[in-house]
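Undergrad: predicted coordinates and the sequence they were generated for:
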Amino acid sequence: MEEINDFIKIIKEHIEYRQQIIKLARADLIKTYRGAALGWSWAIIKPVVTIFVYWFAFEIGLRSGKPVNGYPFFLWLICGLIPWFYISDMLTGGTDAVRKYSYLVTKMKFPVSTIPTFVSLSKLSVNVMLIGVMLIIYLAFGVKPDIYWLQILFYILISFVLWTTWSLFSSLLAAISKDFGNLVKSFVSAVFWLSGIVWNPETVKIAWLKKALMANPVTYIVNGFRNCLINKVWFWQQPKRLAYFVIACFIMLILALWAYRKVRKDIPDVL
C-alpha cells in the first residue's frame, strides 16, 4: 500500500512540475556542452570516435567483422552502440543526478523524484539525435526504410522508462553513499561486454547461458534496435524476451519506490 501511495505521489509531482522538468532538461543539455569550442558538435564527435575505434578493432584489427543477415558489420555495430550511449550515460550520469543537482533539494525544495527525469530527458534528446544520424547512415548505405523502423519509437520509450526508473533508484542511494556510485561505475564496462553490443549473443551455444544473456534488459533494447533495422522482427514476436524486460522494469520500479520511501527525507541533510 505504501508503494502505491509513493507511486501516486511521484506521478503527481511530475504533473505539477512538468514545465520545470522540461526547462531543467534543456538547461542540463546546454550546460553539458557550454564552454566547449566546438559546442554541440561534441554530441556527435565523441560517439563517432567511439564507433570508429570499435569498427577498426573488430573489422580491421581482429578481422571478425563479418556481415550479419546480409548487412555490413558497420551497420550492425552502430545499431548496438547508439542505444548503448544513452544507457551508459544513465548508468553513470543518472546515478550522479541527485548529487549533481543537490542545490535543487537543499535550497529550492524541488521534488527529488523529478531530478532523474529531466536528466534522463536531456540524455535522451542527444541520443534521439544520434539515432537520426544512424538512420541517415543506413539510407546512405542504400537501406530503404520500411514499416519495421516504426518500432524504434517503442524501444526509445521503454528504454526511457527503464533507465529513468533506474536513475531514481541509483541516484537516491548514491546521494546517501558515494560508495554505491563508485560501485555502479565499476560495473559499466562489465555490462557493456556482457550485453551483446559488439558481439552477437544469438551465437552462444550453451542454452542456459543464452537465456540468461537474453534476459538482460540492455541486451533486449540493443537487439530491439537490430530487430527494427536488420532482423525485421516485431517486438510481439518474441513474447518471452518482452516478458523478461517487463519483469525487469517492474523490479526496478519496486526498488526505486523502496529507495524513495527510505531515504528521501534524509537526502537534504546528507547533501
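TA: Perfect, thanks for sending it.
Undergrad: and the helix or strand encompassing A190, which residues are buried?
TA: Following DSSP states H and E, one finds A190 within helix 178-194. Of the residues in helix 178-194, F180, G181, V184, V191, F192, L194 count as buried by neighbour count, 16 or more other Cβ atoms under 10 Å. For every residue, glycine as well, the C-beta is placed using N, CA and C.
Undergrad: is it true that the fifth one touches W84?
TA: Yes - using Cβ atoms under 8 Å as the test, F192 is close enough to W84 to be in contact (6.8 Å).
Undergrad: just give me the residue right at the centre of the protein.
TA: Centroid-nearest residue in the chain, with Cα atoms, centre = their mean: I87, separated by 2.5 Å.
Undergrad: need the contact list for that residue.
TA: Shown in contact with I87 (Cβ atoms under 8 Å, 6 or more residues apart in numbering): S159, W163, V218, I221.
Undergrad: narrow the residues you listed to those in helices?
TA: S159, W163, V218, I221 (DSSP state H).
Undergrad: poorly predicted segments of the stretch 151-271 of the chain, please.
TA: Scanning the stretch 151-271 of the chain for pLDDT under 70 picks out 268-271.
Undergrad: and the closest residue to N227 other than its chain neighbours, helix, strand or coil?
TA: Among residues not flanking N227 along the chain, V233 sits closest, at 4.1 Å (Cβ to Cβ, 6 or more residues apart in numbering). Three-state call for V233 (DSSP: H, G, I helix; E, B strand; the rest coil): coil.
Undergrad: ok, now how distant is V233 from T203?
TA: Note on V233: its distance to T203, by Cβ to Cβ, to the nearest Å, is 17 Å.
Undergrad: between the two, which has more neighbouring residues?
TA: Neighbours per residue, other Cβ atoms under 10 Å: of V233 and T203, the larger number sits with V233, 15 against 8.
Undergrad: I figured that one hits P239, correct?
TA: No - between V233 and P239 there is no contact under Cβ under 8 Å: 11.8 Å.
Undergrad: quick one: contacts for W149?
TA: Per Cβ under 8 Å, 6+ apart, neighbours of W149: L135, C228, L229.
Undergrad: kindly recompute the last result at 7 Å.
TA: The contact partners of W149, taken as Cβ atoms under 7 Å, 6 or more residues apart in numbering, are C228, L229.
Undergrad: for the one 3 residues further on, same thing?
TA: I152 makes contacts with I131, F225, C228, as judged by Cβ under 7 Å, 6+ apart.
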